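Q: sequence first, then the predicted structure, then my questions.
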Amino acid sequence: MRFFKFVFLLFCISVSSLGWGKVTVEDPYLRINAEATDPLFTTYAATVERSRFFADKAYFLNYFTPDEPITYSSQFAGDWAIFWKVNNIVISKIREFASPPVVTASFHDMAVMEYEPFKGLEVQETFAVYSSGAALVNLEIQNTADRSFTIDLYPLLHLPSDSLTATGYQSGESGLFFEHHEPMERLHSNLYPGYGYPEQFRNLLSSSEALKSYGAYAGCDMQDFYFAIKRQSKVHHYVQRLNERDQRNADIVALQNHLELEPGETKTVRFVRGVQDARHNSGALVKDVDQAMDASVQEMVDTNVDMFKSIPRVDFSGENEKLVYLSAFNLVRQCMLPPRGKTDYNYYVFTRNPIWGWAHGHQVMHESLSMIPYVHLDAESAENSQRIYMEQQYPDGLIGYRHGPRGPQVYPHEGVATTSAPFFSWTNWRVYEVSGNKAFLRDAYQSGTKYIEYLKRERDKDHDGMYEWGPYGIIENVRDGWNAVFQLFSHGEDEGRDISDELDALDLTTQVANEMWYLWKMAEELGLEDEANRLKKEHRKTADLINKHMWDEEDKFYYHIKMSSDSFDFEGESLKRKEIIGFLPMWAHVASEKQAEYLVQHLKNPDTFWRKYGVPTLSAQDPVYTPFVDGCCRWNGPIWLLWDYMVLDGLRNYGYDDEAKQLADKMMLAVSAQLSKNHRFWESYSPDYPVQESPSNYIWDSIMAQVLIDVYKK
């Protein structure tokens, strides 16, 4: 450890030259004033350049719970917090602050807060996930009172009833080493064994200033720790320090810093929490911590401000809309990871915190709808994510269900490769509309054309121009769980009989038509006149088939049909179940003006689809409709923002701008209600209630940024 001691000494000598001080955000559009109940997304992950796939730690900021300290939580890795002791008064809860924290800036990797833990003690706290292996808390503390302050700071890591083990204090590092274990089990599905995910982690909690003491406490919660430091007093010198236990199983590990602050004086203190795969040499952990300790938070802010210059400056009437808008961009940006393995391009995971197995299986086309808003923030990165599909496309045109560092994953079922719901060319066109990159458009057109030809060969078994899902339709069609039509005979079971490959599927056929529409636009843009004319005719032919066979003149609505008979009946059961996909023909430019008029009447019926928080996936009048979101992948009622966005896009295609604005308001209410309450995005939302459970921080909720651009940008 001599190397790090030398580095640490150099750091202490050069600290004044780092320019530590209060950070500023030069762009007024990015300055915010988010209090506890404002709709702000508060999960943070390292920026792309300093991220890695394994041993990656992102954090959730809780600045809004009165009976807790400001806390940074990482899944299975504990809660990181700081207790204050000012003139012998312990301040361990936000409700005890003289002025509660207000977030003044928030980006994908960092947040800036201001508060007063004690009257006359003004603090700017900057939290930054500097890298996958190190996060920092930078405290700029100013005495604005007319009296001096004696301050003790207690940064702590709390991981109760778990595997936390202190392994050693090192004075040269001003820090405490400890370890913890994390299980492979994750929400919805486990992490993939054999792919390198670590289970045992080495940690270092370190300080920029020499420490007064340190400690490790077993059988101790945060309230117990409060009493432990409360007992420290000027009278009893023997308890002025922590217990200085550095090798034991523990529930809390902590450091103690001591400061004296005169009137008008300002001091800066930084704490760094480093985490690494315990199988690696500890020198890598030390290096991560050293780099984070040495980093300029102002430069990090400036880098984010520069990146945000490219987003549309939507003029919102209220602050809530802007908070959701910026939060949506932060969500998608923090899901991006650098190239590795079998791809030369950056890619995304569905979420960085919490981590769950299915979300770390790499890219899928319906999640890639998040590139539609993301291109405004980083056009090259959005294009590169889409290029992974082109790079790994099979010679026969197949684009598999998943693509990324492990290569294509096609999950063969009954001898047939599985693809994904085709949103490929639509997404590519929307990316091009912003980037204007003709080279990307040419490559996207070639790849998209090959993919459509594959679908025409492999997903139209009876060659009637309408399309069926593959044998593993339950994942191809994005349902993932029980669906009123595709699992018509399952009686509520999540994994019952799937008939989606026995139907001419309205959704797939409409999606193919939509791909044809945007390939037609691409061909026109590229000057390919003959191909444009061919694609225009193919789109019209497919649209005519949908309107002839899938439109029910009695109900004035679109449905799936039985492949063998082109009827709305299947083994004695009706396929006429009103789902959100009945509105997709407006999105795909398939419906006539009159059909669109009927669809809007259905849409605006509050008893069916026009619910409080948006358009549900299934009509509220259907016998199996449920507005309750009690887990992942619910389809028979819950709201999925990307599908509501397709409905909104369809409304705009047919000139229903007022209705599109009203739908956007409903979507905004769904998202802002959750962000205000728990500061997270969610995989799906209840159409009727503010209470729900589903995977959190799901990448495709970034579509809200595009919703707000489409509806509010003048």
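A: Perfect, thanks for sending it.
Q: next up, the contacts around the nearest residue to residue 677 once chain neighbours are set aside.
A: In this structure, residue 677 finds its nearest non-sequential neighbour in residue 690, 7.1 Å apart by Cβ to Cβ, 6 or more residues apart in numbering. The C-beta positions use only the backbone N, C-alpha and C, and glycine is treated the same way. Residues in contact with residue 690 (Cβ atoms under 8 Å, 6 or more residues apart in numbering) are 673-674, 677.
Q: next one: residue 570
A: 488, 499, 502-503, 562.
Q: with residue 426 instead?
A: Per Cβ under 8 Å, 6+ apart, neighbours of residue 426: 514-515, 518.
Q: shouldn't it be within a helix?
A: Yes: with DSSP: H, G, I helix; E, B strand; the rest coil as the criterion, residue 426 is part of a helix.
Q: against residue 98, how distant is it?
A: According to Cβ to Cβ, to the nearest Å, residue 426 stands 52 Å off from residue 98.
Q: follow-up on the earlier one: and the pLDDT at the residue nearest to residue 677?
A: On pLDDT, residue 690 comes in at 92.
Q: any idea how far it lies from residue 678?
A: 10 Å.
Q: now residue 391
A: 38 Å.
Q: equivalent analysis for residue 482, please.
A: 26 Å.
Q: quick one: which of those two has more around it?
A: residue 482 (21 against 15; other Cβ atoms under 10 Å).
Q: and that one, which of the three is it?
A: coil.
Q: for residue 152, same thing?
A: strand.
Q: of the contacts of residue 426 - the most surrounded one?
A: residue 515 (27 neighbours).
Q: could you find the closest non-adjacent residue to that residue?
A: residue 425 (4.6 Å).
Q: mind listing what the one you found touches?
A: 444-445, 448, 451-452, 515, 518-519, 522.
Q: most neighbours of all these, which one?
A: residue 519 (29 neighbours).
Q: just the element for that residue, please.
A: helix 506-525 (DSSP states H and E).
Q: pull out the buried positions in that helix.
A: Buried residues in helix 506-525, counted by 16 or more other Cβ atoms under 10 Å: 506-523, 525.
Q: go on, stretch 146-156?
A: Buried residues in stretch 146-156 (16+ other Cβ under 10 Å): 149, 151-156.
Q: cool, and stretch 460-477?
A: In stretch 460-477, counting by 16+ other Cβ under 10 Å, buried: 460, 465-477.
Q: neighbouring contacts of it?
A: 401, 411, 413-414, 416-421, 455, 458-459, 480, 483, 486-487, 495, 498, 500-505, 507-509, 512, 541-542, 545-546, 549-550, 561, 563-564, 566.
Q: show the buried residues in those.
A: 401, 413, 417-421, 455, 458-459, 480, 483, 486-487, 498, 500-505, 507-509, 512, 542, 545-546, 549-550, 561, 563.
Q: contacting residues for the closest residue to residue 551 other than its chain neighbours?
A: The shortest distance from residue 551 to any non-neighbouring residue, by Cβ to Cβ, 6+ apart, is to residue 558 (5.6 Å). Shown in contact with residue 558 (Cβ under 8 Å, 6+ apart): 506, 546, 550-552, 581-582, 584-585, 599.
Q: next one: phi and psi at residue 558?
A: phi -100, psi 140 (degrees, to the nearest 10).
Q: give me the domain ranges for this structure.
A: Under the assignment automatic domain parsing, the domains of the chain span 2-308, 588-714.
Q: need the ones you listed in TSV with distance to residue 341, can you?
A: Below are the domains of the chain laid out as TSV (distance: least, Cβ to Cβ, whole Å):
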stretch	distance to residue 341
domain 2-308	8
domain 588-714	19
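Q: so which of these comes closest to residue 369?
A: Nearest to residue 369, of all the domains of the chain, is domain 588-714, at 5.1 Å by Cβ to Cβ.
Q: just the buried positions in stretch 272-285, please.
A: 272-278, 282, 285.
Q: which of those fall within helices?
A: 282, 285 (DSSP state H).
Q: narrow the buried residues of stretch 272-285 to those in strands?
A: The strands, defined by DSSP state E, take in 272-277 from the buried residues of stretch 272-285.
Q: out of those, who's nearest residue 92?
A: residue 273 (18.8 Å).
Q: what's across from that closest one in the sheet?
A: residue 135, residue 205 (DSSP bridges).
Q: same check, this time on the one 4 residues further on
A: Each beta-bridge partner of residue 277 is listed here: residue 201, as defined by DSSP bridges.
Q: on that earlier part again, by neighbours, which of the contacts of residue 690 wins?
A: Of the contacts of residue 690, with other Cβ under 10 Å as the count, residue 674 tops at 23 neighbours.
Q: can you name the next helix or strand after the lowest-mean-pLDDT helix or strand in the chain?
A: When the helices and strands of the chain are scored by mean pLDDT, DSSP states H and E, helix 2-14 comes last with a mean of 33. Once the chain leaves helix 2-14, the next helix or strand it forms, by DSSP H and E, is strand 43-44.
Q: and the following helix or strand past that next one, what does it pack against?
A: Sequence-wise, the next helix or strand downstream of strand 43-44 (DSSP H and E) is strand 59-62. Applying 3 or more Cβ pairs under 8 Å, 6 or more residues apart in numbering; DSSP states H and E, one finds that strand 59-62 contacts strand 43-44, strand 71-74, strand 121-131.
Q: can I get the ones in strands among the buried residues of stretch 272-285 in a markdown table including distance to residue 308 and pLDDT?
A: As requested, these are exported to a markdown table (distance: Cβ to Cβ, whole Å; pLDDT from 0 to 100):
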| residue | distance to residue 308 | pLDDT |
| --- | --- | --- |
| 272 | 26 | 98 |
| 273 | 27 | 98 |
| 274 | 28 | 98 |
| 275 | 28 | 98 |
| 276 | 31 | 97 |
| 277 | 33 | 97 |
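Q: out of the residues you listed, who's nearest residue 696?
A: Of these, the one sitting nearest to residue 696 (Cβ to Cβ) turns out to be residue 275, at 20.8 Å.
Q: report the contact partners of the closest one.
A: 55, 57, 74, 77, 133-134, 201-203, 285.
Q: relative to residue 58, how far out is it?
A: Taking Cβ to Cβ, one finds residue 275 at 11 Å from residue 58.
Q: got any residues that touch both of these two?
A: Joint contacts of residue 275 and residue 58 (Cβ under 8 Å, 6+ apart) are residue 74.
Q: low-confidence regions, the protein specifically.
A: Low-confidence segments of the chain (pLDDT under 70): 1-20, 232-239, 491-495.
Q: 50 instead?
A: 1-19 (pLDDT under 50).
Q: let me see the ranges of the strands in the stretch 401-550 of the chain.
A: 503-504 (DSSP state E, counting those that start in this stretch).
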